[in-house]
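Undergrad: Just the structure for this:
(one chain, ligands or ions: 2)
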Amino acid sequence: MKYDYLIVGSGLFGSVMAHELTKKGKKVKIIEKRNHIGGNVYCENIDDIAVHKYGAHIFHTNDKEVWDYVNSFVEFNRYTNSPIALSKGKVYNLPFNMNTFNQLWGVVTPLDAKNKIIEQSLELNNKTPDNLEEQAISLVGRDIFETLIKEYTEKQWGRECCDLPAFIIKRLPVRFTFDNNYFNDKYQGIPIGGYNGLITSLLSNIEVEMNVDYFDNKKYWDSIAKKVIYTGPIDKFFDYKFGALDYRSLQFEHETLNVDNFQGNAVVNYIDKKYAFTRIIEHKHFDFGKQDKTVITREYPKEYENGDEYYYPVNDSKNNQVYSKYKDLTSIDDKYLFGGRLAEYKYYDMHQVIRSALNLVKNEIK
Ligand code: FAD
Ligand code: UDP
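TA: Ligands and ions are numbered 1, 2, ... in the order given. Below is the predicted model of the structure:
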């Protein structure tokens, strides 16, 4: 066999695996079905602006080893994500913090904000939240749920908030300080010039073949390597044996505008259902750009249909149960290894994908 490892997918998971295995002396090849490397962190240069082609990507982590790891390949800027939300004609700060509480209720002290939330969460009668709606009300009260969460979430997931898992809303910090940083993590930023430099450095000595779908000739690809690392959707790998898992997909509408500053912020969330999109990204603000033009992207969520890209696993209990059956199959044949957002069916951020890949390499090369 020509290769020790064939890696299916050149996203962050596949790229970190390829880099680390090559460093350990293994012969590796990547195949990628898209016409570029990097998976969803890929950026395209349009009018000298690094456009995050698959949605806003902000790196944030508490994991120092992962932060040092990515910084050993590229330099990061000091970007701090502080999105704003538009709801019924008014602007609110995110994540939920003293600025938001002041804009909504006029309160100025943390004590008054806390009392307001306690008062509004009494409707739960101390019940442990077991869905996103209850979780949101217990964290921030009904007013914020109705003003900033309900409609956005139903657009994003195509499901009622009471049918979604609670953990999704726990991604967002709730803070009783006037601090609009969207993340609590110690380290945050964006690679200067976008993510392509990171992926290119990871893959600098690695053979990559693009525009190749593994499933078009699985037998052949399996025959050229001792092991296969698969980073695509797990249900597809097992030919939907236990049924198809649900995924949310997105449509991105990119537009170049002849203005230097369209919305004054990288991320503006559109809460109201009357807008079919959930957010508008203005990419130049990720890099403090001074270009004359600007590029914006509207994000339209949709249910995955055949031919779409897979973006978000829907980790409700129904899908998690199906996933666990697929997971049991992954250990049957040690020729195949699985990892990343789609193969592990986990709502992973970038740092978690890198951590998962570094752990798998450690396990693989003892
Ligand atoms: P992917 O990037 O999906 O890579 C998988 C690759 O495999 C793809 O390139 C795909 O084309 C290829 N592939 C699949 N099947 C096949 C096949 N059959 N044959 C050949 N190739 C195949 N994370 C953050 O930390 N911060 C953020 O701000 C952030 N924002 C996000 C915004 C959006 C809209 C989305 C969708 C995700 C965001 N993420 C963010 C998450 C981040 O994108 C992922 O954690 C990470 O990119 C996943 O890497 P991966 O390698 O697992 O998957
Ligand atoms: N969310 C919301 N209103 C907002 C922003 C987020 O209700 O203005 C909810 C929504 O359910 C979303 C979840 O919080 O899916 C997680 O938000 P995050 O920004 O982490 O989503 P991602 O960037 O991964 O799409």
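Undergrad: need the residues of this structure near ligand 1, please.
TA: Applying C-beta under 6 Å from any ligand atom, we find that the chain lies next to ligand 1 at 8-14, 31-34, 39-41, 54-59, 213-215, 231-232, 250, 311, 340-342, 348-351, 353. All C-beta atoms are positioned from the backbone trio N, CA, C, and that covers glycine.
Undergrad: Filter those residues down to just the ones in strands.
TA: If you go by DSSP state E, these have 8, 31, 59, 250 in strands.
Undergrad: And for residue 323, the neighbour number?
TA: As a burial measure, residue 323 scores 19 neighbours (other C-beta atoms under 10 Å).
Undergrad: Now flag whichever of the ones in strands among the residues of the chain next to ligand 1 is closest to residue 127.
TA: Proximity of these to residue 127 (C-beta to C-beta) peaks at residue 250, which lies at 33.3 Å.
Undergrad: Next, work out how far apart residue 68 and residue 209 are.
TA: Going from residue 68 to residue 209 by C-beta to C-beta, to the nearest Å gives 31 Å.
Undergrad: Could you do residue 179 as well?
TA: Using C-beta to C-beta, we find residue 179 at a distance of 46 Å from residue 209.
Undergrad: for residue 173, same thing?
TA: Distance of residue 173 to residue 209, given as C-beta to C-beta: 42 Å.
Undergrad: what about these two, which has more around it?
TA: Legend: neighbour count by other C-beta under 10 Å for residue 173 and residue 209, higher for residue 173 (16 against 11).
Undergrad: wait, what's in contact with the more buried one?
TA: 95-97, 181-184 (C-beta atoms under 8 Å, 6 or more residues apart in numbering).
Undergrad: same deal with residue 81?
TA: By C-beta under 8 Å, 6+ apart, residue 81 lies in contact with 56, 58, 60, 181-183, 188, 266-267.
Undergrad: Next: residue 5.
TA: Residue 5 neighbours (C-beta under 8 Å, 6+ apart): 17-18, 21, 26-29, 225-229.
Undergrad: Among these, which lie within helices?
TA: Counted as lying in helices by DSSP state H, out of the contacts of residue 5, are 17-18, 21.
Undergrad: and the nearest residue to residue 140 once chain neighbours are set aside, what are its bridge partners?
TA: Leaving aside its chain neighbours, residue 140 sits nearest to residue 96 (5.0 Å; criterion: C-beta to C-beta, 6 or more residues apart in numbering). With DSSP bridges as the criterion, residue 96 is bridged to residue 174.
Undergrad: re the thing from before, between the ones in helices among the contacts of residue 5, which has the most around it?
TA: Top of these by neighbour number is residue 17, holding 28 neighbours under the definition other C-beta under 10 Å.
Undergrad: Please verify my assumption that it contacts residue 363.
TA: No - contact between residue 17 and residue 363 fails when scored by C-beta atoms under 8 Å: they sit 11.5 Å apart.
Undergrad: Where does the prediction get shaky in the stretch 151-300 of the chain?
TA: Applying pLDDT under 70 to the stretch 151-300 of the chain picks out no residues at all.
Undergrad: which SS state does the closest residue to residue 43 other than its chain neighbours fall under?
TA: Among residues not flanking residue 43 along the chain, residue 194 sits closest, at 3.3 Å (C-beta to C-beta, 6+ apart). Here residue 194 is coil, with the state taken from DSSP: H, G, I helix; E, B strand; the rest coil.
Undergrad: my guess is residue 255 is in a strand, correct?
TA: Yes - counting by three-state DSSP, residue 255 falls inside a strand.
Undergrad: count of neighbours near it?
TA: Residue crowding around residue 255 was assessed by other C-beta under 10 Å; the count is 11.
Undergrad: show me what contacts it?
TA: Counting by C-beta under 8 Å, 6+ apart, residue 255 makes contact with 295-298.
Undergrad: Kindly recompute the last result at 6 Å.
TA: Shown in contact with residue 255 (C-beta atoms under 6 Å, 6 or more residues apart in numbering): residue 296.
Undergrad: before we move on, what about the one 10 residues further on?
TA: Shown here is residue 265, whose contacts under the criterion C-beta under 6 Å, 6+ apart are residue 84.
Undergrad: hmm, 10 Å instead?
TA: 81-84, 91, 280-282, 285 (C-beta atoms under 10 Å, 6 or more residues apart in numbering).
Undergrad: same check, this time on residue 120
TA: Here residue 120 is in contact with 105, 137-138, 140-145 (C-beta under 10 Å, 6+ apart).
Undergrad: got TSV for the residues you listed, with distance to ligand 2 too?
TA: Formatted as TSV, the contacts of residue 120 follow (distance: C-beta to the nearest ligand atom, whole Å):
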residue	distance to ligand 2
105	18
137	12
138	15
140	10
141	14
142	14
143	13
144	9
145	9
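Undergrad: I'd like those residues as CSV, with secondary structure and distance to residue 244 appended.
TA: As requested, the contacts of residue 120 are arranged in CSV below (DSSP: H, G, I helix; E, B strand; the rest coil; distance: C-beta to C-beta, whole Å):
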residue, secondary structure, distance to residue 244
105, helix, 44
137, helix, 32
138, helix, 33
140, helix, 34
141, helix, 37
142, helix, 35
143, helix, 38
144, helix, 35
145, helix, 31
